[in-house]
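> got a predicted structure plus its sequence, pasted below:
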Amino acid sequence: MKFQFTNGKFETQFGDERLTIARNNEEGIRPFQLLISSMAGCSGLVFNQIIEKQRIELDEFYISADYERNEAESNRVEKIILTFHVRGKDLNEEKLQRNLQLTRKNCAMIRSVDDSIEIIEQLNVLD
């Protein structure tokens with residue numbers, strides 16, 4: 001990957017998609033947002049893969065992410081809370097919780113930061 005610095009921001013190209021990394025939201029995505037996005041994206045894709053293998057049908061699935069940063073430590077991300085919101089018929093909440101544990105074990109991004117950032121995954125079964 002190549003990240004080109006121009007006009008106070010970095011840009012890179014992924015196929016047809018351009019990614020701009022900047023200090024503020026008006027010019028691009030901020031680095032901490034990329035970190036949190038990679039945690040949510042990776043774990044969400046792994047969770048979905050497990051769900052598909054089990055032939056569980058979801059009508060709705062999204063992840064909300066909250067985080068805590070430490071201003072005294074260069075605004076370091078110290079905690080990420082990922083809430084997996086799912087809706088479907090006849091969902092077994094206990095099985096979904098086990099799937100969430102499997103997700104943690106198989107998500108490369110979460111495994112990469114496991115010792116330095118507290119990651120909490122929680123499940124919310126929607127009505």
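Received it, and whenever you're ready, just let me know what you need.

> go ahead and confirm Ile80 touches Ser37.
No - the pair Ile80 / Ser37 is not scored as a contact, 10.5 Å apart, by C-beta atoms under 8 Å. From N, CA and C alone the C-beta is placed, and that goes for glycine too.

> okay, the two: which has more neighbours?
Using other C-beta atoms under 10 Å, the more surrounded residue of Ile80 and Ser37 is Ile80, with 22 against 13.

> for that one, give me its contacts.
Ile36, Met39, Ala65, Asp66, Tyr67, Ile117, Glu118, Ile119, Ile120 (C-beta atoms under 8 Å, 6 or more residues apart in numbering).

> identify the residue nearest the first one in space, chain neighbours excluded?
Ranked by C-beta to C-beta, 6 or more residues apart in numbering and with sequence neighbours excluded, the top spatial neighbour of Ile36 is Ala65, at 5.2 Å.

> tell me what that neighbour is bridged to.
Leu82 (DSSP bridges).

> can you give me the helices in this protein?
Ranges of helices in the chain, per DSSP state H, are 31-53, 93-106, 108-113.

> which among the ones you listed is found nearest to Asp127?
Of all the helices of the chain, helix 93-106 sits nearest to Asp127, with 12.6 Å by C-beta to C-beta.
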